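Show me how the following folds:
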Amino acid sequence: MTIKVICVIDNTVLKDTDLRGEHGLSFWIESDKGVVLFDTGQTASVLSHNMESLGLSPQDINNLVLSHAHYDHTGGLEAILSKNTKLTLHAHTDFFQPRYSLRKGEYMSIGIDMDKTAIEKHAKLMLSDVPTEVYPNLWTTGEITDRSDLEGRSNNHLIKVNDEWKPDPYRDDMSIVLKTSGGLVLICGCCHAGILNTLSHVEQNFKESIHTIIGGTHLVTADGQYMDHVISVFTERYPKVVFYHQPLHRRKLNR
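Numbers count the residues shown, from 1 in each chain. Next up is the predicted model:
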C-alpha cells in the first residue's frame, strides 16, 4: 500500500507553481483506507486555493486531525466543514481551552475561532488525550505527557486560570504517526511539546523505530546551546532518520 503525503500549506511554496504560502501548516494524507487532513492552515482562502490547485477535494476527506488549537493550524476549518459534513474530527480533550498571546501589552486570542457547538453541527467530534487509531496504521500521538526535555515554547503564549494568566501548557499538542514497513513516520504540526519529547513519546508508545520526520518542530525560539543539544541527540539516537523540513509536494511513502 502506498501512502501519499501532500503539503497543502506551509510558509513557503514550490517555485513555478500558483500555490500560496502563509504562516501555517496543512497536510493531506491519503491511502486506500481513506484521506486524513492534518491541520487546516491559517486562512480559508489559502487552504481552498491550494487544494483546488493540487486537485484535492474537501468532500474526499474522511478524517480531520488538528494538532492543536492555534489559529495558524485551524484557520481553514470552516472551509472544510462547510463542504463536508460526514467527516470525523480528532483533537485533544484540552482543544477548546481559550488561548492568548501577549503582544504590545494586549492579550490577543490565538485559538480556534469556531466553538464546540458549531463544530459538532458539521462533524463527528472525537476528543482524546491518548493515542488514537484514526484508520489502520495511522494514529494520533495523544498527549505528550513526559516533557523532560525543552518544549517548543513561546513566552508570550498564555491561558487564563481562575482569573490569573498562566503559561500555556500546550496540553493539546499532538502529532501523527504512520506505521510503514520501513518504520514509523512522524508528522508534526507545531511540536509545542518539544521535538525530543515527542520522539521519546512515540518510541515508548509505538515500540518501533522512527525513520522519517515531517513538519514543524518549533525550534525558532531555541538558542545555540539547545540547537547543539538537539543536533547531538539526532546524531546519536536517530542517525538514519530522514527529516523533511521543506514543503512536500506529492511525496510518496511506500509501504
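
Only C-alpha atoms from now on, for both contacts and neighbour counts.
Noted.

Let me know the secondary structure of residue 117.
Secondary structure of residue 117, reduced to three states by DSSP: H, G, I helix; E, B strand; the rest coil: helix.

so where do the helices sit in the stretch 101-250 of the chain?
116-120, 195-206, 224-237 (DSSP state H, counting those that start in this stretch).

of all those, which lies closest to residue 152?
helix 195-206 (7.4 Å; C-alpha to C-alpha).

Rounded mean pLDDT for the closest one, please.
On average, the pLDDT along helix 195-206 is 95.

buried sites along it?
Neighbour-count burial for helix 195-206 flags 195-199, 201-202 (criterion: 16 or more other C-alpha atoms under 10 Å).

Check what pLDDT residue 250 gets.
At residue 250, the pLDDT value in this model is 37.

hmm, back to that, of the buried residues of helix 195-206, closest to residue 118?
Relative to residue 118, the closest of the buried residues of helix 195-206 is residue 198; by C-alpha to C-alpha it sits at 30.8 Å.

and the nearest residue to the closest one once chain neighbours are set aside, what pLDDT?
For residue 198, ignoring the flanking residues on the chain, the nearest one in space by C-alpha to C-alpha, 6 or more residues apart in numbering is residue 144 at 6.2 Å. On the pLDDT scale, residue 144 is placed at 97.

List the contacts of residue 144.
Residue 144 makes contact with 171, 173-174, 193, 197-198, 201, according to C-alpha atoms under 8 Å, 6 or more residues apart in numbering.

again with residue 84
With contacts taken as C-alpha under 8 Å, 6+ apart, residue 84 has the following neighbours: 58-59, 61, 122.

try residue 26
Residues 7-10, 37-41, 73 are the ones in contact with residue 26 under the rule C-alpha under 8 Å, 6+ apart.

Over to residue 241?
Going by C-alpha under 8 Å, 6+ apart, residue 241 touches 210-213.

how about 6 Å then?
Going by C-alpha atoms under 6 Å, 6 or more residues apart in numbering, residue 241 touches 211-212.

So what does it look like in phi/psi?
With angles defined as degrees, to the nearest 10, residue 241 shows backbone torsions of phi -70, psi 130.

gap between it and residue 72?
As for residue 241, its distance to residue 72 is 27 Å (criterion: C-alpha to C-alpha, to the nearest Å).

same question, residue 31
With distances taken as C-alpha to C-alpha, residue 31 is found 26 Å from residue 72.

Have a look at the two and say which one is more surrounded.
For residue 31 versus residue 72, the count of surrounding residues by other C-alpha atoms under 10 Å is larger for residue 72: 22 against 15.

okay, now the closest residue to the more buried one other than its chain neighbours: neighbour count?
What sits nearest to residue 72 in space, not counting adjacent residues and going by C-alpha to C-alpha, 6+ apart, is residue 42, at 3.8 Å. Using other C-alpha under 10 Å, residue 42 is surrounded by 24 other residues.

Quick check: which element contains residue 42?
Assigned by DSSP states H and E, residue 42 belongs to no helix or strand.

what's near enough to touch it?
For residue 42, the contacting residues are 24, 71-73, 75-76, by C-alpha under 6 Å, 6+ apart.

how does it look with 8 Å?
22-25, 71-76.

cool, and residue 186?
With contact set as C-alpha under 8 Å, 6+ apart, residue 186 has these partners: 175-178, 210, 212-214.

now do 7 Å
Contacts for residue 186 (C-alpha atoms under 7 Å, 6 or more residues apart in numbering) come out as 176-178, 212-214.

distance of the spatially closest residue to residue 153 that is not a sequence neighbour from residue 175?
Nearest in space to residue 153, with sequence neighbours left out and distances taken as C-alpha to C-alpha, 6+ apart, is residue 192 at 5.9 Å. Applying C-alpha to C-alpha, one obtains 10 Å for the distance of residue 192 from residue 175.

All good on my end, thank you.
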